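Student: okay, here's the prediction I keep looking at, along with the sequence it came from:
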Amino acid sequence: MTQPKSLWLVGAGNMGGAMLRGWIAAGMPPSAVTVIDPGAPAVPDGVRVLREPAGGSPEVLVLAVKPQLLEAVAPSLADVRPALLLSILAGVEEATLAARIPAGSVVRAMPNLPVAIGKGVTALHAAKSTAAMREMAQALVAPLGRVEWIDSETMFDAVTALSGCGPGFVFRFIDALAAAGVSLGLPAEQAARLALATVEGAAAMAAGAGESPAVLADRVASPGGSTREGLNVLDRDDALQCLLQETLAASRQRNVELAASARG
Ligand SMILES: NC(=O)C1=CN([C@@H]2O[C@H](COP(=O)(O)OP(=O)(O)OC[C@H]3O[C@@H](n4cnc5c(N)ncnc54)[C@H](OP(=O)(O)O)[C@@H]3O)[C@@H](O)[C@H]2O)C=CC1
Ligand SMILES: O=C(O)[C@@H]1CCC=N1
């Protein structure tokens, strides 16, 4: 990967910490990274941790605090001049970021939690970045999993709802599948193991298959068999489809609200 000479990670919580673990696992030298986080989080060996910026500027500044903290954090970064600001803040728009933090280029990124194991998805958007900094951003997130550029920033909230929040929805589905097994009399621990392995196997198979998930679902559903009966419940009045539409719409709406409040 094209390694940045220096990278500051501002906020190393759930998501910043996941990206950091992914980068170190992918070979980024820990000595290139400074974490800035007043909570003094645990970080991989060799990574420097500061409570606040202590002068100088990195080549890349990754902003990974909560969107609601942008206003509070920006003044401490007012004298920092990174070549690239990579923001993972949900909702917060490129223009808002550029107005708060002076950076050569701004790229928005929307990763998801599995980046920690190199199996994440990161969406990227940049309207005004230089080509070199777009490449830098892409090279930075490429070892963390799939990378997708989003042309229109207006789509970024929808992408955030789907792939950024998506692992949360899938984790909930795994629990619900297990709980449904328990309701049929299975022991809880065994149901949890079966649900997780089933989702893992089905996702891996769908990822490697040349056919759509719909075709694969039909392959599980033998004519006149029991899967069809179950699918009929999920499909009745588009029950699952409607539930997920409502789920993503609620998440997207929250991103819109976060963007508006960061705009000020
Ligand atoms: N979680 C996820 O799956 C995803 C999150 N995101 C985005 O990532 C960002 C962070 O979310 P998440 O990791 O879940 O939140 P967390 O609260 O887990 O992480 C935020 C981190 O920032 C730290 N922090 C607080 N104040 C400051 C400060 N002044 N300077 C530097 N660091 C500070 C927090 O410390 P302390 O805990 O001590 O307050 C914490 O370690 C959000 O903008 C979110 O939209 C994007 C994609 C997915
Ligand atoms: O829930 C959140 O706010 C963040 C954004 C995407 C995933 N988690």
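Tutor: Sure thing, it's come through. Residues are numbered from 1 along each chain as shown. Ligands and ions are numbered 1, 2, ... in the order given.
Student: domain parsing of the protein, as residue ranges.
Tutor: Under the assignment automatic domain parsing, the domains of the chain span 7-150, 166-255.
Student: most tightly surrounded among those domains?
Tutor: Among the domains of the chain, judged by mean count of other CB atoms under 10 Å, the one packed with the most neighbours on average is domain 7-150 (a mean of 19). Any C-beta I mention is one placed from the backbone N, CA and C, and that applies to glycine too.
Student: can you tell if that domain touches ligand 2?
Tutor: Yes. Using CB under 6 Å from any ligand atom, domain 7-150 comes into contact with ligand 2 via Ala90.
Student: got the end-to-end distance for that domain?
Tutor: The stretch domain 7-150 measures 24 Å between its terminal residues, going by CA to CA, to the nearest Å.
Student: about what we covered before: so which of the domains of the chain is nearest Arg263?
Tutor: Distances from Arg263 to each of the domains of the chain were compared using CB to CB; the shortest belongs to domain 7-150, at 5.4 Å.
Student: quick one: average pLDDT of that closest one?
Tutor: Taken as a whole, domain 7-150 has an average pLDDT of 96.
Student: cool, and stretch 220-236?
Tutor: Per-residue pLDDT values over stretch 220-236 give a mean of 97.
Student: could you do stretch 255-264 as well?
Tutor: When pLDDT is averaged along stretch 255-264, the result is 94.
Student: ditto for stretch 167-176
Tutor: Taken as a whole, stretch 167-176 carries a mean pLDDT of 98.
Student: phi first, then psi, for the residue nearest the centre of the chain.
Tutor: If you average the C-alpha coordinates of the chain and look for the closest C-alpha using CA atoms, centre = their mean, you land on Asn112, 1.9 Å from that point. Backbone geometry at Asn112, expressed as degrees, to the nearest 10, gives phi -130, psi 170.
Student: what's the particular helix or strand that has Val233 in it packed up against?
Tutor: Assigned by DSSP states H and E, Val233 belongs to helix 226-235. Contacting helix 226-235 under the criterion 3 or more CB pairs under 8 Å, 6 or more residues apart in numbering; DSSP states H and E are the following elements: helix 213-220.
Student: need the residues that contact the helix it packs on.
Tutor: 202, 205-206, 209, 227, 231 (CB atoms under 8 Å, 6 or more residues apart in numbering).
Student: could I get those residues as TSV with distance to Ala25?
Tutor: Output for those, formatted as TSV (distance: CB to CB, whole Å):
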residue	distance to Ala25
Ala202	26
Met205	25
Ala206	25
Ala209	28
Thr227	38
Leu231	38
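Student: now for these, which pair is the farthest apart?
Tutor: Ala209 and Leu231 (17.9 Å).
Student: for beta bridges, what are the partners of Val107?
Tutor: Counting by DSSP bridges, Val107 forms beta bridges with Leu86.
Student: now for it: which residues touch it?
Tutor: By CB under 8 Å, 6+ apart, Val107 lies in contact with 84-87, 124-126, 129, 133-134, 137.
Student: got it, and Val35?
Tutor: Val35 makes contact with 8-9, 12, 16, 20, 41, 43, 47-50 under the criterion CB under 8 Å, 6+ apart.
Student: likewise Leu70?
Tutor: With contacts defined as CB under 8 Å, 6+ apart, the neighbours of Leu70 are 63, 89, 92, 96-97, 100, 262.
Student: need phi/psi at Glu59.
Tutor: Comment: the main-chain dihedrals of Glu59 come out as phi -70, psi -40, following degrees, to the nearest 10.
Student: please begin residue numbering at 4 from this point
Tutor: Renumbered: residue one is now 4, and that last one reads Glu62.
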